[in-house]
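*Asks:* I need the structure of the sequence given here:
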Amino acid sequence: MPLNTQTGYFSDNYLLRLDRVTHFFDQRLVFKDVSLLIEPRTVTLVAGPNGAGKTTLMNIMSGLISPSKGLVEHKVPRDKMAFLGHNTFVYSGLSALDNLKFWAKVYYRRLDDDECMQLLSLVGLKAFAHEKAGFFSRGMSQRLSLARVLMLRPDFLLLDEPGTGLDPDSRKLLREKITQSAQGGAAVVWVSHTLEEDLDLADKIIFLENKKQAFYGTTRDFSSRHQGKGFEH
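*Replies:* Predicted structure coming up:
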């Protein structure tokens, strides 16, 4: 039974476990010996300098790629996982509403127009429902992609730098949805560009540096170790 590093007790109530995961690109080591436990109702921040392997780790956690070495154990069905990466997967020739209706069909979700409109309202896009997404700003496209992810009602939500290019209102909305998802029972794993600003949302931090897991533990422990120091990310 894996150890919960947050409580100090062993637990089998987890959605994802990584045990000594190591990954190479060709002969280049990205990171080695990464171990973590992702549990329901938690927010985990993935942090570290540029090039530390954060996106690679997210791809491994999502199951998009397999690690070179180590164990990856998922205890959540694939249809209960959602991954928001750098690509918004927004179709520019379709309206915001039609984008959602298209993805509902892809995911075999039965959503009528009213339900799609409710999702667009959640992300602040109801007024733009019938506008083509090709005219959207980066922030609006991210909001639409967030609506696509929320449509799945995932138990496990992975967000790779979702705040990139977002305006302040969009960032505020993103933070609200992350908090609401965790409070609703989901596990959220999040790569943030603004670590100091977003620490207050997180339960745990994994910090990658020098091709290894430099820290994994509670936000409180991380903050106390880095008190008075800046973060490189």
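*Asks:* Distance check, residue 147 against residue 15.
*Replies:* 23 Å (C-beta to C-beta, to the nearest Å). Backbone N, C-alpha and C define where each C-beta goes, glycine included.
*Asks:* How are the helices of this structure distributed by residue range?
*Replies:* Taking DSSP state H as the test, the helices found in the chain are 54-62, 96-106, 113-122, 138-151, 168-183, 195-198, 219-225.
*Asks:* neighbour-wise, which of residue 147 and residue 15 wins?
*Replies:* The residue with more neighbours, out of residue 147 and residue 15, is residue 147; 23 against 20, by other C-beta atoms under 10 Å.
*Asks:* Go ahead and confirm that one touches residue 118.
*Replies:* No. Assessed by C-beta atoms under 8 Å, residue 147 is found out of contact with residue 118, at 9.6 Å.
*Asks:* Mind putting the helices of the chain into CSV with distance to residue 33?
*Replies:* Converted to CSV, those look like this (distance: least, C-beta to C-beta, whole Å):
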stretch, distance to residue 33
helix 54-62, 12
helix 96-106, 37
helix 113-122, 40
helix 138-151, 30
helix 168-183, 27
helix 195-198, 22
helix 219-225, 19
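*Asks:* who's residue 159 bridged to?
*Replies:* Taking DSSP bridges as the rule, residue 159 bridges to residue 84, residue 190.
*Asks:* and the gap between it and residue 57?
*Replies:* Per C-beta to C-beta, residue 159 is found 13 Å from residue 57.
*Asks:* contacting residues for residue 13?
*Replies:* Applying C-beta atoms under 8 Å, 6 or more residues apart in numbering to residue 13 gives the contacts 39-40.
*Asks:* any idea how far it is from residue 197?
*Replies:* Distance, residue 13 to residue 197, using C-beta to C-beta: 30 Å.
*Asks:* can you check residue 141 too?
*Replies:* In terms of C-beta to C-beta, residue 141 sits 22 Å off from residue 197.
*Asks:* Looking only at neighbour counts, state which of those two leads.
*Replies:* A direct count of neighbours by other C-beta under 10 Å for residue 141 and residue 197 places residue 141 higher, at 21 against 12.
*Asks:* what are the phi and psi values for the closest residue to residue 209 other than its chain neighbours?
*Replies:* Distances taken as C-beta to C-beta, 6 or more residues apart in numbering place residue 48 nearest to residue 209, at 5.3 Å, with adjacent residues excluded. With angles defined as degrees, to the nearest 10, residue 48 sits at phi 150, psi 170.
*Asks:* and the residue lying closest to residue 31 once chain neighbours are set aside, what does it touch?
*Replies:* Of all residues not flanking residue 31 in the chain, residue 53 sits nearest, at 4.4 Å (C-beta to C-beta, 6+ apart). When contacts are counted by C-beta under 8 Å, 6+ apart, residue 53 is found next to 23, 30-31, 208, 211.
*Asks:* In TSV: those residues, plus neighbour count, distance to residue 126 and pLDDT.
*Replies:* What follows is the contacts of residue 53, written out as TSV (neighbours: other C-beta atoms under 10 Å; distance: C-beta to C-beta, whole Å; pLDDT from 0 to 100):
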residue	neighbour count	distance to residue 126	pLDDT
23	22	41	97
30	20	41	96
31	24	42	97
208	23	38	95
211	17	46	95
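*Asks:* Identify the farthest-apart pair in these.
*Replies:* 23 and 208 (11.1 Å; C-beta to C-beta).
*Asks:* shared neighbours, the two?
*Replies:* Going by C-beta under 8 Å, 6+ apart, residues that sit against residue 23 and also against residue 208 are 31, 53.
*Asks:* Extract the residue ranges of this protein that are flagged as low pLDDT.
*Replies:* Residues of the chain that meet the criterion pLDDT under 70 lie in 1-11, 165, 227-233.
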